[in-house]
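Colleague: Got a sequence here, can you build the structure:
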Amino acid sequence: MSQVTTSRQVTTKKRESRVQVPEGKEIDEIWHTFKETGDPNLRNILIENYLPLVRYISERLLTSLPKSIDVDDLQSAGVFGLMDAIDGFDLSRGIKFKTYCTTRIRGSILDELRSQDWVPRLVRLKAHQINKAYKALEIELGRAPTDYEMADFMELSIEEFNAIVEEASVCTVFSLSEKWDESEDDDSLEKIEMIEDKASLDPVETLNQKDVLKAITRSLTKKEKLIIIMYYYEGLTMREIGDILNLTESRVCQIRSNVMSKLKLQLEKMRRKLLI
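Modeller: Have a look, this model is predicted:
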């Protein structure tokens, strides 16, 4: 273990030791009575007593996690670790419970985070290698590298590189609840608000369609306009249009054909004007 890692662990333990968890003769008595009787009410008292430690560890871990992770979820997982620690704690060992349970709480939270990660570690490693190579080439070339340059840099064939990229693409997952920018402002947009709704109507396109409809039906009779609108814009069949207008299906078809011939002549005249 490196000196840096050791110093970080010592610092973390010092910080965690500052967490105010009530201790004393009363808690010791509760511990001994619980271990003798297994009373669930005493177990609940112990859980409530050490909840501040769960909250502290959860908040500490949250600082290194994506913003989509909720601290409440971490605390829920940490409580399970606390409960296991209470059940498994051995009073005869002569160590403080707070020292013993810290590792169990953190481990329970990390296990929960791993269980939510469906991407295998090897795939994540490949994705990391691709990102590292991409950044190195981008700095060297002063531009975005091509796939062939990436494959050559990683000493792979283009087929092997493409296969790795496809496999590692599952790592590219985003939370739609994350903010669009890094601002902590509550008014900043979430990513889900910036996604295009393919099913919604484009206001500009709708206005253009109305203008086109108005232009092409200007010279038509009322009955002709209704047939064009119901057939092309409302999607009704010839028979349905005939039932609405009290016309036979063949008559509706004949009117539509006449209208289309008339519109073709108008469009041809407009085209010629534009060419002059």
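Colleague: just for the stretch 51-200 of the chain, where's the confidence low?
Modeller: 66-68, 116-125, 167-200 (pLDDT under 70).
Colleague: And the helices in it?
Modeller: Assigned by DSSP state H, counting those that start in this stretch, the helices in the stretch 51-200 of the chain fall at 71-88, 97-115, 121-141, 147-153, 158-168.
Colleague: In TSV: these, plus mean neighbour count and distance to Ile47.
Modeller: For glycine as for every other residue, the C-beta is placed from the backbone atoms N, C-alpha and C. TSV is the format used below for the helices of the stretch 51-200 of the chain (neighbours: other CB atoms under 10 Å; distance: least, CB to CB, whole Å):
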stretch	mean neighbour count	distance to Ile47
helix 71-88	18	6
helix 97-115	17	11
helix 121-141	13	33
helix 147-153	15	52
helix 158-168	14	42
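Colleague: I'd like the ones you listed laid out as CSV, including distance to Tyr50.
Modeller: Shown next, in CSV, are the helices of the stretch 51-200 of the chain (distance: least, CB to CB, whole Å):
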stretch, distance to Tyr50
helix 71-88, 6
helix 97-115, 6
helix 121-141, 32
helix 147-153, 50
helix 158-168, 41
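Colleague: what's the closest of the ones you listed to Gln254?
Modeller: helix 158-168 (56.2 Å; CB to CB).
Colleague: what helices or strands is that closest one leaning on?
Modeller: If you count contacts as 3 or more CB pairs under 8 Å, 6 or more residues apart in numbering; DSSP states H and E, helix 158-168 packs onto helix 121-141, helix 147-153.
Colleague: Just the C-alphas of the shortest one, formatted as PDB.
Modeller: So that's helix 147-153. The C-alpha trace of helix 147-153 is given here as PDB (Å, rounded to 0.1, in the frame of the first residue of the first chain):
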ATOM      1  CA  ASP A 147     -10.700   5.500 -36.700                       C
ATOM      2  CA  TYR A 148      -7.700   4.300 -38.700                       C
ATOM      3  CA  GLU A 149      -5.400   6.600 -36.700                       C
ATOM      4  CA  MET A 150      -6.900   5.300 -33.500                       C
ATOM      5  CA  ALA A 151      -6.500   1.600 -34.600                       C
ATOM      6  CA  ASP A 152      -2.800   2.300 -35.600                       C
ATOM      7  CA  PHE A 153      -2.100   4.000 -32.300                       C
END
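Colleague: elements contacting it?
Modeller: helix 121-141, helix 158-168.
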